[in-house]
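In: Sequence below, structure please.
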Amino acid sequence: MKSLVVDDELTTRLMLKKILSPFGACDTISNGTEAIKAFWLALKEKEPYDLICLDILMPEVSGKTVLKKIREIETKSNLPKNMIVNIFMVTSLNDSKTIMDTIVKYKCDSYILKPISKAKVVSKLKQFNIIQ
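Out: Sure, this is the predicted structure:
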């Protein structure tokens, strides 16, 4: 499994990297602009990400914008279904409107609510058959 963690908070990036690294390569990035570049580069090099954990609230480029752009790139690239990256929004926002908008409108796969725990993350990975 190859994963990318995108969060402006260092603590969250380090925690998710510690949880995800035993399952494979894990890159971390602190902003949305670099996340889009990293996603595109991995796709171009034919080493795409299996999972992106993406914070919603970030300065400059929001997680919603990053999510929208990644889905646009996937659509324009005509990727087969098995190459569409799983995107989990990582956030402290727990209002149903934000959750539904991000799932329905922007097509994220799931949410991991802060505070993050290994149990929450591993449960999501298993739920989406990313790990056994």
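In: next one: the worst-scoring helix or strand of the chain on mean pLDDT to chain centre, how far?
Out: Taking mean pLDDT, DSSP states H and E as the measure, the chain has helix 96-100 as its least confident helix or strand, at a mean of 75. Here helix 96-100 is found 17 Å from its chain centre; the criterion is C-alpha atoms, centre = their mean, to the nearest Å.
In: Repeat that for stretch 69-85.
Out: With C-alpha atoms, centre = their mean, you get 14 Å for stretch 69-85.
In: Provide the contact partners of that stretch at residue level.
Out: Residues outside stretch 69-85 that contact it (C-beta atoms under 8 Å, 6 or more residues apart in numbering): Ile36, Phe39, Trp40, Leu43, Pro48, Tyr49, Asp50, Leu51, Ile52, Ile87, Tyr106, Lys107. Using the backbone N, CA and C atoms, a C-beta is placed for each residue, glycine as well.
In: first to last residue in that stretch, what's the distance?
Out: 13 Å (C-alpha to C-alpha, to the nearest Å).
In: What residues sit buried inside that stretch?
Out: Within stretch 69-85, the residues that count as buried by 16 or more other C-beta atoms under 10 Å are Lys69, Ile70, Arg71, Glu74, Val85.
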